[in-house]
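Undergrad: Mind looking at a prediction? Sequence and model below.
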Amino acid sequence: MARRRTRKLALVIGNGKGPGGIDTPVCRADAQSVAMHLKDVGFNLTLVIDASLDQMLDAIAAFARLIVDSDVVVFYFSGHVRSACGFNYLVPSGGPTDNLDSAKKFATRAVSLRTDVIR
């Protein structure tokens, strides 16, 4: 049986537009820098900048469909994050500004590390 060649795949998301109109350009710059370095070492790269919730979920789902067992995979996020009730969330560009204290409220307005990214 022929061995499958190992691929290097990376999804990098940089969301500088934070809750309440806060702009954090360093998040975009970090993502672009990491993407450049990953590309330099041979990664097939998807870079997403200032993504809405739907754009983040679509990019993650498309990336997940590409992955097979022999792949080397990197997921990198630079942006605003929140934690609620023991769950961690990646905040989309222009995401929720309220102080959400329940995971149920956040589950529909941000990307859950547990259910949307780590499967």
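TA: Nice, thanks for sending it over.

Undergrad: drop to CA atoms for contacts and neighbour counts, all remaining ones
TA: Fine.

Undergrad: Mind jotting down where the helices sit in this protein?
TA: For the chain, the helices defined by DSSP state H cover 25-40, 53-66, 103-107.

Undergrad: looking at the ones you listed, which is closest to residue 95?
TA: helix 53-66 (7.8 Å; C-alpha to C-alpha).

Undergrad: what residues does the closest one touch?
TA: The contact list for helix 53-66 (C-alpha atoms under 8 Å, 6 or more residues apart in numbering) reads 11, 13, 48, 91, 92, 93, 95, 109, 110, 111, 116, 117.

Undergrad: out of the residues you listed, who's nearest residue 41?
TA: Closest to residue 41, out of all of the contacts of helix 53-66 and judged by C-alpha to C-alpha, is residue 11, at 14.4 Å.

Undergrad: thinking again about what came up before, out of the helices of the chain, the one nearest residue 86 is which?
TA: Closest of the helices of the chain to residue 86 is helix 103-107, at 8.1 Å (criterion: C-alpha to C-alpha).

Undergrad: Grab the nearest non-local neighbour of residue 15.
TA: Spatially, and ignoring its direct neighbours in sequence, residue 15 is nearest to residue 50 (4.2 Å; C-alpha to C-alpha, 6 or more residues apart in numbering).

Undergrad: do the same with residue 31
TA: Nearest one to residue 31, counting by C-alpha to C-alpha, 6+ apart, is residue 14 at 4.9 Å.

Undergrad: one step back: could you pull up the residues touching the residue nearest to residue 15?
TA: Counting by C-alpha under 8 Å, 6+ apart, residue 50 has contacts 13, 14, 15, 16, 17, 28, 92, 93.

Undergrad: I'd say the second one and residue 24 touch.
TA: No: between residue 14 and residue 24 there is no contact, the gap being 9.9 Å when judged by C-alpha atoms under 8 Å.

Undergrad: Could you tell me which residues touch both of the two?
TA: residue 79.

Undergrad: For the protein, name the helix or strand with the lowest mean pLDDT.
TA: helix 103-107 (a mean of 63; mean pLDDT, DSSP states H and E).
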